[in-house]
Structure formats: C-alpha cells, structure tokens
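S.K.: Pasted the sequence and its predicted model underneath.
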Amino acid sequence: MTIEGVATRVSVGSLVALAGVHVAWGLGSSWPLPDRESLADTVVGQPAVPGAAACFAVAGALGTAALFVSGRPRRRPAVARLGALGVAGVLGVRGAVGLAGRTELLSPGSSSTRFRRLDRLVYSPLCLTLAAGSALSAGGRGR
C-alpha cells in the first residue's frame, strides 16, 4: 500500500470517529469525561457544551470531510480532490492557529486553561496530522 493509501485510510477513519463522537455529544453524552461541565471545559474551553444542533453540524461537516478524503464522489474526481484539499486547508488553519495559542480567533470564548493546554498538546497537532493526511490523499489521485 502506498503512503497516500495509508494516509487516506487513517484520515477517513479518524474523521468518521470524530463525527461519531460529536453525534454522541449532541445526544447528551459527556464521553469520555464524567459530566458535561468537564466536557465543556476540556473540549470547548467554555462553561457550557454547545447545543445539539451545533454538535450535529460539526458531525455533518466531519462526515462530509471523510467522504471527500475517501475520494467521493467517485464520478467527479475533481470535486473529490478539491474537497479533500479544502479539508486539508481548513484543518491546517485550525491546527496552526491552535498551536499559536490563538484558537479564540476561530472559536471566541475558548479560553479555559485546561482547553488551551490540550489544544496545544493534542487538538492542534491532531488537526495538522489530519490536514497532512487529507492533502496526501488528494495528491495521490488525479495528478
């Protein structure tokens, strides 16, 4: 298997898993934390978790991203490639802004100490890794 193939599979699997977690949060789960307050502080950096509609919207965006990165729509490879590059761009910006400690520019109010620490250690590097995987998947087809 090529590096592009591995990057595609890992990125798609990760995006689908993240979409699933957002669906669970939209349904009221606090997984993997003990309560919604801890979830809000850890994952959002705010006093409350966003509402169900916001969680489902993010889940939908992540699911759509997974489809583009997987090469869909197959009958429109240019659309799939452009979509995957768009995913790479969005995740790359999110990751870079987070590593710079400026996530509040994209998500106003995301300022708790716990969130900011995890943003630099986990969330932003994950975004950059998924951005790279998405870019590799787009580069591996339609050259």
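M.R.: Great, that's in hand. Residues are numbered from 1 along each chain as shown.
S.K.: got a list of what Pro47 touches?
M.R.: Glu37, Ala40, Asp41 (CB atoms under 8 Å, 6 or more residues apart in numbering). In this view, the C-beta of every residue, glycine as well, is placed from N, C-alpha and C.
S.K.: For it, grab phi and psi.
M.R.: Dihedral pair for Pro47: phi -70, psi -20, per degrees, to the nearest 10.
S.K.: Gly95: helix or strand, and which one exactly?
M.R.: helix 77-99 (DSSP states H and E).
S.K.: On the C-terminal side of that helix, identify the next helix or strand.
M.R.: Defined by DSSP H and E, the subsequent element after helix 77-99 is helix 113-118.
S.K.: How about the helix or strand following that next one, which residues are buried there?
M.R.: Heading C-terminal from helix 113-118, the first helix or strand you meet, by DSSP H and E, is helix 124-139. Under the neighbour-count criterion of 16 or more other CB atoms under 10 Å, helix 124-139 has 124, 126-139 buried.
S.K.: thinking again about what came up before, kindly calculate the angle that the helix holding Gly95 makes with helix 124-139.
M.R.: 160 degrees (axes from the mean of the first three to the mean of the last three CA atoms, to 10 degrees).
S.K.: if we can go back for a sec, out of the contacts of Pro47, which are inside helices?
M.R.: When DSSP state H is applied, these are split such that Glu37 fall in helices.
S.K.: Which of the contacts of Pro47 sits closest to Cys55?
M.R.: Set against Cys55, the nearest of the contacts of Pro47 by CB to CB is Ala40 (11.8 Å).
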